[in-house]
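**Student:** Here is my input, please return the structure:
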Amino acid sequence: MKQPLTPFGTPVNGSMNALSEQAARLLDFSQKLDINLLDSVVCCMYTGEGPQQRLAQEVLTTLKEHPEAWTRVDTILEFSKNQQTKYYALQILENVIKTRWRVLPRNQCEGIKKYIVGLIIKTSSDPESIDRERVYLNKLNMILVQILKREWPKNWPSFISDIVGASKTNESLCQNNMIILKLLSEEVFDFSSGQMTQAKAKHLKDTMCNEFSHIFQLCQFVMENSQNALLVHATLETLLRFLNWIPLGYIFETKLISTLIYKFLNVPLFRNVTLKCLTEISGVNASHYDEMFVLLFTQTMAQLEQMLPPTTVIKEAYSNGQDDEQKFIQNLSLFLCTYLKEHGALIEKRADLLEVLHAALHYLLLISEVEEVEIFKICLEYWNALASDLYREIPYGLGTGAPLYVGGEPARRSPGSPQSARRLLYGPVLTKLRYIMIGRMAKPEEVIVVENEQGEVVREFMKDTDAIQLYKNMRETLVYLTHLDYLDTERIMTEKLHFQVNGTEWSWKNLNTLCWAIGSISGAMHEEDEKRFLVTVIKDLLGLCEQKRGKDNKAIIASNIMYVVGQYPRFLRAHWKFLKTVVNKLFEFMHETHEGVQDMACDTFIKIAQKCRRHFVQVQVGEAVPFIEEILANMSSIIYDLQPQQVHTFCEAVGYMISAQADQAQQERLVDRYMLLPNQVWDDIIKQASKNVDVLKDPDAVRQLGNILKTNVRACKALGHPYVTQLGRIYLDMLNVYKVMSENISAAVALNGEVVTKQPLIRSMRTVKKETLKLIAGWVSRTSDPKMVLENFIPPLLDAVLLDYQRCTVPAAREPEVLSAMSMIVHRLEGFITCEIPKIFDAVFECTLSMINKDFEEFPEHRTNFFLLLQAVVTHCFPALLSIPPAQFKLVLDSIIWAFKHTMRNVADVGLQILYQLLQNIGQEEVASQSFYQTYYTDIMQHLFSVVTDTSHTAGLSMQASILAYMFSIVEANKVTVPLNPTMQANGITNVVYVQDFVANLLKTAFSHLSDAQVKITVQGFFNLNQDIQAFKEHLRDFLVQIREYTGEDDSDLFLEEREAALRQAEEEKRKIRMLVPGILNPHEIPEEMQD
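**Tutor:** Coordinates of the predicted model:
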């Protein structure tokens, strides 16, 4: 359907019109369907472009949604020449089965069922068509399963015996039937949540278990008799899906396990799926089948030794292996780890099985060397569990309760103690494991000097979260291994370091993994041992740094030295000379321009400053003054070669040191010296600006101000409340600069339009404003004197910042940080700031709301911060909300409702949290709560149900359920004393009955296809389950399943009676719990026999 193009490359109008006319013909159900036309529209959808493709998409969507479309499916499937058109037809059919099956007349249901079964039999009866039509057949199978979920067992009780009977007539048919049974098992047991109601899922699971014997006999028959490899493979795949739910007798009281091991495990075509089956069985926990588990293990291991001789170098075999062989190694790792985790203790206890256990561990060690991170993660999970288990038998300090990662005497092995028998048993394996762990150690987060794929040493910019998680797991495992035998760990590390120094094992990778491993066991040795070990390590690394030539070599060694010293603060705190040497070495590295080295030097410096801060402000033995004085004296030369963001990190580090000075006068003196450099530049600019304000339009001056404020932000972060002396010094000037920047930006926008906000100078001005707000919010969050903040700092701040925000004529030029600063201030000052809330709201509320209430996307930062401010006010200053005028309160509530209707997940979540908090707070107000309920209760309920039933909000179901449950419970517990509908009160109708009717009508109006019985039970559940959030949530899920499907007259499939009985029981349980509290029940509700 390629259209003729005009010289400009767009389709001529005639062709689009022709397409529209053809579309109209397709949608006219009084005409015979033109299959060729449909094929060409489908073709256009897949291969056309632009307007044509869009039109084709619209036509096909409209046709698919037509209530009669399904009646044309058989014609399409029979006559269409295009595979894609056939899939389209099957989608139409699937749609009608999922949504309208129960309203179709019975004869039509039977017709569709017969038709689909006939098609499947026709397509799957010979091996060639199975292969050729695989995708089409899979879709047909899926459609049959959708029918089964609605028809079986009630309208198709013989389905299982039908499919088993048919399978015995033809092997390719049997192969496809296995796939159908597998899909049915997955739909019922694995994916039923949210797809069918709980009662329905339970009924199908029970039916499947009860009829499983027929299916099992079929699987057994195939496994014992068939010579057809594809059929056997399909049967094993299907069996694998059954193993997690079938009654255990089928596994352990039949020949299944021995058939799997002796007949299929050593056949290359079947070994992967067989191993998966054995793994699934190994994961079962059933102690009364212990002997069977032992047999499974010994027989599998015996077969394994023939298939994969223990002398195989698995690492090499894997890297040279085919895809199938590599999968086998991965499946083997899963089998061994699953079995040993679940039943290792069973094997350990028996002397006759120890050889088999060691053989299994030997395989696992070999597999742990394979260069494939996913396989290594599988092994690591087991090694971690084993090491932690052995450690916990005799924890640190022999049960003195000393923590794991902190100093104290590690548990020395006491040969006589009975618990150490297991440690002795695993000892040789753990030594080999230490070699593997140390040789494969993952990169820690702190290391940013790395070797890239081209073999160059560069700075890493993106954090690899997967690698960080792997490092954490390896580190934990290595710490346990160190506790179990620290001498062995130390011996291996020292030996490997020796091989680095003498060059026999020298490589960047080997040095890296070794140093990362050394850094990761900090705190796992006794302090004396740690000292001896570390002195050797650092000495050797410094020697290596001198010995190696070349910038790349030096950069790698430097990064390793920095990582290792940063990991051992306990050692540094105890050895001042060493600490001083290390810090001076870091200062040296700060001048090293090789990529990443300076960054890492600053990052290590800040880590050491945080952990050893006190030592820098004390006079140490052999020193005349505290080391901080030297740092401050040489600061300009130390930071000379650093980039601005590195200087900020450096300044934060020095701030941590100064924060440790306990003498206030000394501390203030240090802060003055510390801020000397930035303050000189600041004073200079302010002085010039006071003579000529246009200085604040100079790009260099503005950029410098931004940098100085960033330095102040980091200093404040490190110093905390004591930063107040510096803040007081620059505060009013800073607010004046803020005002001038705002005026400059507004003037520029007025002159040149909104596009000017993208210019470098304007962006620098906005940076000054943002950093000012960040600084104030950061300091307020750390202050220890909220009252002083409120009296001295808040009034000038509100005057400067709020008016500017409100008056700003260009919404895009409003700083979202104003909102985040205000929310931080409310969080920190809590009740103290309540009196200022009306002023804050006045300035920011309506003008921000008008920016974000047109859609769900624009101004994402303002949007998020606006709702965080609202959350802070609702949480900490609720009385302020009760005192604002009703119209403004309604606006607040409307904005909360607007928040939880967002598709931006973070905003919707905050909206729900605010609403929940608001409802809890209102519940505490005796008077205000009643008028609130009368005005807003049903409105809120209606809006909540609109998001609950919107599929794009499924992620918030837990919180939605909590709020709804709370709202139903306050009505049920008579917390709502005013009539929710005054007219009904006159007729003696209670609030409970009113809410039941209101919700029932709401649901019935929105989903007219629901039956009265469905609605009644749904509403009943909302009341009966409102004390059990999990059950309430599942009940909501059931409701969401039902609204997607029309039921018609026959609703037996919904098992409403069973559901009603379950709800009655839940109500009874709730009542029993309440009866335990004296006085909770009205005297007239108490049963007769309890009266006396």
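**Student:** tell me which element residue 91 falls in.
**Tutor:** Residue 91 is part of helix 83-100, with elements assigned from DSSP states H and E.
**Student:** Please apply the same query to residue 522.
**Tutor:** Using DSSP H and E, residue 522 is not contained in any helix or strand.
**Student:** Quick check: mean pLDDT of the helix holding residue 91?
**Tutor:** Helix 83-100 comes out with an average pLDDT of 94.
**Student:** Quick one: the strands in the stretch 251-400 of the chain, in order.
**Tutor:** Counting by DSSP state E, counting those that start in this stretch, the stretch 251-400 of the chain has no strands to list.
**Student:** which residues of it score low on pLDDT?
**Tutor:** Along the stretch 251-400 of the chain, the model assigns pLDDT under 70 to residues 396-400.
**Student:** nearest spatial neighbour of residue 529, skipping sequence neighbours?
**Tutor:** residue 486 (6.4 Å; CB to CB, 6 or more residues apart in numbering). The way it works is simple: take the backbone N, C-alpha and C, and place the C-beta from them, glycine included.
**Student:** Pull up the gap between the one you found and residue 532, please.
**Tutor:** 11 Å (CB to CB, to the nearest Å).
**Student:** Which one of those two is surrounded by more residues?
**Tutor:** residue 486 (20 against 13; other CB atoms under 10 Å).
**Student:** distance of that one from residue 438?
**Tutor:** According to CB to CB, residue 486 stands 14 Å off from residue 438.
**Student:** can you check residue 743 too?
**Tutor:** Taken as CB to CB, the span from residue 743 to residue 438 is 62 Å.
**Student:** With adjacent residues omitted, what lies nearest to residue 866?
**Tutor:** Using CB to CB, 6+ apart, the closest residue to residue 866 is residue 848 (4.9 Å).
**Student:** rewinding a little: in this model residue 525 seems to touch the residue nearest to residue 529, though I could be wrong.
**Tutor:** Yes: counting by CB atoms under 8 Å, residue 525 is a contact partner of residue 486 at 5.1 Å.
**Student:** quick revisit: need the contact list for the residue nearest to residue 866.
**Tutor:** With contacts defined as CB atoms under 8 Å, 6 or more residues apart in numbering, residue 848 is in contact with 814, 819, 862, 866.
**Student:** Doesn't the last one belong to a helix?
**Tutor:** Yes: membership of residue 866 in a helix is supported by DSSP: H, G, I helix; E, B strand; the rest coil.
**Student:** how many other residues sit next to it?
**Tutor:** Neighbours of residue 866 under the rule other CB under 10 Å: 26.
**Student:** right, and it touches residue 822 too?
**Tutor:** No: taking contacts as CB under 8 Å, residue 866 lies outside contact range of residue 822: 9.8 Å.
**Student:** which neighbours do the two share?
**Tutor:** Common contact partners of residue 866 and residue 822 (CB under 8 Å, 6+ apart): residue 844.
**Student:** Against which helices or strands is the lengthiest helix in the chain packed?
**Tutor:** Longest helix in the chain, counting residues (DSSP state H): helix 724-752. Helices and strands touching helix 724-752, by 3 or more CB pairs under 8 Å, 6 or more residues apart in numbering; DSSP states H and E, are helix 664-674, helix 676-691, helix 699-719, helix 760-782, helix 794-807.
**Student:** I'd like the ones you listed written out as a markdown table, with mean neighbour count and mean pLDDT added.
**Tutor:** Formatted as a markdown table, the helices and strands packed on helix 724-752 follow (neighbours: other CB atoms under 10 Å; pLDDT from 0 to 100):
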| stretch | mean neighbour count | mean pLDDT |
| --- | --- | --- |
| helix 664-674 | 16 | 97 |
| helix 676-691 | 15 | 97 |
| helix 699-719 | 21 | 98 |
| helix 760-782 | 21 | 97 |
| helix 794-807 | 17 | 93 |
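**Student:** Quick check: which of these is nearest to residue 606?
**Tutor:** Distance to residue 606, taken as CB to CB, is lowest for helix 699-719 among these, at 8.7 Å.
**Student:** relative to helix 676-691, how tilted is that closest one?
**Tutor:** On the basis of axes from the mean of the first three to the mean of the last three CA atoms, to 10 degrees, helix 699-719 is oriented at 140 degrees to helix 676-691.
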